[in-house]
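Novice: Dropping the sequence and predicted coords here.
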Amino acid sequence: MTATSPSPAVASSELRKPRYDVRNAEDAYTIRVELPGVTKDSVTIDYDQGVLTLQAQRKAQAPETWKPLHRELNDQGYMLRLKLNAPVDEDKLVAQLVDGVLTLTLPVREAAKPRRIEVN
C-alpha cells in the first residue's frame, strides 16, 4: 500500500494529508485515519481500480455573536490517496467515524487470500 499525491488541480496548501496507519490481517486491511473535528457528512471515500481516495473537510464553528481576538482554528481540508497492493472486495468496504478517527475495513477478495494446498 502506497500513498500518492493529491491531483495537480488542488493546491497543496488547501489540503493536508491526515495521519493514518494500516494493518493487514489475513482477511482484510484496516486503515485508521485521524480526522479531528470532521463530521461523517463531510467525508467522501472513493475506491477505483485499486486506489482508495479519502477527502474530508473540517469547518471551524463559532457562535455568530463571537468576535475572535485570535484565531488558529480555521476550515481544514484533508486528502489521502492510497494504492492498494491486494484486490479488495469493493462490495464489502466498511467505514466508521468515531471521536475523530475514521476506521476503514477493506476485506480481501477470496481469490486473493493465501491457501494451503494438500499433497496427495
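Specialist: That came through, no problem. Keep in mind the model is a prediction, meaning the values are calculated, not measured.
Novice: give me every residue that touches the spatially most central residue of the chain.
Specialist: Ranked by distance to the mean C-alpha position of the chain (C-alpha atoms, centre = their mean), the top residue is Leu54 at 4.4 Å. With contact set as C-beta atoms under 8 Å, 6 or more residues apart in numbering, Leu54 has these partners: 18, 33, 43-45, 78-81, 102, 104. Where C-beta positions appear, they are placed from N, C-alpha and C, glycine not excepted.
Novice: What strand or helix carries Arg116?
Specialist: Secondary-structure element containing Arg116, defined by DSSP states H and E: none, the residue being outside all helices and strands.
Novice: any idea how far Pro87 is from it?
Specialist: Distance, Arg116 to Pro87, using C-beta to C-beta, to the nearest Å: 20 Å.
Novice: Leu93 contacts Thr105, doesn't it?
Specialist: Yes: proximity of Leu93 to Thr105 meets the contact threshold set by C-beta atoms under 8 Å, at 7.2 Å.
Novice: Low-confidence ranges, this protein, go.
Specialist: Under the criterion pLDDT under 70, the flagged ranges of the chain are 1-13, 72-73, 112-114.
Novice: same thing but 90
Specialist: 1-15, 24-27, 36-37, 49-50, 58-76, 84-91, 108-120 (pLDDT under 90).
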